[in-house]
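Visitor: no sequence on hand, only this structure:
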């Protein structure tokens, strides 16, 4: 199960830091193994999409405090059932994220990310929670509890989001794809363009960059929530801890992918 795999990511992360270049080399070595097995048959591709639709929905929501387990998330998404004792919002987040994930997969072949793509991802995730705020840039100032760094004023968000898409496109030309994905995530959450749902959209965008560049989806373990949050805060000054966390998550998710395909 994905939950067990993500626990192993936490253990891997705590074993100490390695040189980033070595870690990226290991990632590319595993990616070469994955690439050598492509193309996969249609049934396998469908199975992998469903596996990661549940896995990314569960892990991304759990990072934000959603209480559904991986198994409960699967039941809510695939069977349309509700889980007794669990908040309605947790169910809506699961269904909305699954919709946004499916839309994200449809953007892979374009190899670009536009503002309209971002607005649609947020709308699909958030419309059942707050239709008026879904796919709409925030019009008010928001604050992140525990952070000492203020977010941009709402009137700057449209300009910053235009710059964001251009910066992501530029990074693709010069940076390693995994580094581009991690920095895309950071740049997005620093803008925080929506009233809510920014973390979910940031992780979807991170994975969209990875998929568009031929890499596998990366799952960030909910077990790593304290490290994840603290590394984002620290990234205002030094992004190395966050980038390493993402790289290790990519590496562990690749290993899981290879195990599933028995390579």
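Guide: In hand now; what should we look at? Since the structure is predicted, the reported quantities are computational estimates derived from the model, not experimental observations.

Visitor: identify the residue nearest the geometric centre of the chain.
Guide: residue 203 (2.0 Å; CA atoms, centre = their mean).

Visitor: pretty sure that one sits against residue 55.
Guide: No. Using CB atoms under 8 Å, residue 203 is not in contact with residue 55, being 11.7 Å away. (C-beta placed from N, C-alpha, C; glycine too.)

Visitor: report the buried residues of stretch 197-214.
Guide: Applying a neighbour-count criterion of 16 or more other CB atoms under 10 Å, one finds 197-213 buried in stretch 197-214.

Visitor: tally of neighbours for residue 179?
Guide: 18 (other CB atoms under 10 Å).

Visitor: disregarding residues adjacent in the polypeptide, which is nearest to residue 257?
Guide: Spatial nearest neighbour of residue 257, excluding adjacent residues (CB to CB, 6 or more residues apart in numbering): residue 216 at 5.2 Å.

Visitor: is it true that the one you found touches residue 251?
Guide: No. Between residue 216 and residue 251 there is no contact under CB under 8 Å: 10.2 Å.

Visitor: quick one on the thing from earlier: contacts only, for the residue nearest to the centre of the chain.
Guide: 56, 60, 63, 185, 220 (CB atoms under 8 Å, 6 or more residues apart in numbering).

Visitor: so where is the stretch 1-150 of the chain shaky, pLDDT-wise?
Guide: 1-18 (pLDDT under 70).

Visitor: list the buried ones in the helix or strand containing residue 259?
Guide: Assessed by DSSP states H and E, residue 259 sits inside helix 240-261. The neighbour-count check on helix 240-261 (16+ other CB under 10 Å) flags 241-257 as buried.

Visitor: show me what it is packed against.
Guide: Here helix 240-261 touches helix 2-14, helix 20-36, helix 42-63, helix 177-191, helix 225-234, going by 3 or more CB pairs under 8 Å, 6 or more residues apart in numbering; DSSP states H and E.

Visitor: and the third one, what's buried?
Guide: Spelled out, that is helix 42-63. 48, 51-63.

Visitor: ok, residues contacting it?
Guide: 2-3, 6, 40, 68-70, 73-74, 77-78, 90, 93-94, 97-98, 101-102, 105, 199-200, 203-204, 207, 217, 219-222, 225, 228, 257, 260-261.

Visitor: for the helix or strand where residue 78 lies, buried residues please.
Guide: For residue 78, the element it lies in under DSSP H and E is helix 70-79. Neighbour counts over helix 70-79 (16+ other CB under 10 Å) mark 70, 72-77 as buried.

Visitor: format these as TSV; extra columns: distance to residue 152.
Guide: Converted to TSV, the buried residues of helix 70-79 look like this (distance: CB to CB, whole Å):
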residue	distance to residue 152
70	35
72	36
73	32
74	37
75	39
76	34
77	34
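
Visitor: looking at the residues you listed, which is nearest residue 142?
Guide: residue 73 (26.9 Å; CB to CB).

Visitor: what's the spacing between the closest one and residue 214?
Guide: For residue 73, the distance to residue 214 (CB to CB, to the nearest Å) stands at 27 Å.

Visitor: distance check, residue 168 against residue 176.
Guide: Counting by CB to CB - residue 168 and residue 176 are separated by 14 Å.

Visitor: low pLDDT regions in the stretch 151-263 of the chain?
Guide: Counting by pLDDT under 70, the stretch 151-263 of the chain shows low-confidence ranges at 263.

Visitor: wait, isn't residue 213 in contact with residue 184?
Guide: No. Between residue 213 and residue 184 no contact is recorded; they are 11.1 Å apart, counting by CB under 8 Å.

Visitor: which residue packs closest to residue 143, ignoring adjacent ones?
Guide: residue 151 (7.0 Å).

Visitor: coming back round to it: just checking, what packs against the helix holding residue 78?
Guide: helix 42-63, helix 88-105.

Visitor: now distance to residue 145 too, for these, in a markdown table please.
Guide: Output for those, formatted as a markdown table (distance: least, CB to CB, whole Å):
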| stretch | distance to residue 145 |
| --- | --- |
| helix 42-63 | 15 |
| helix 88-105 | 18 |
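
Visitor: related to what we said a few turns ago, which of the contacts of residue 203 sit farthest apart?
Guide: 56 and 185 (13.3 Å).

Visitor: I'm done for today, thanks for sticking with me.
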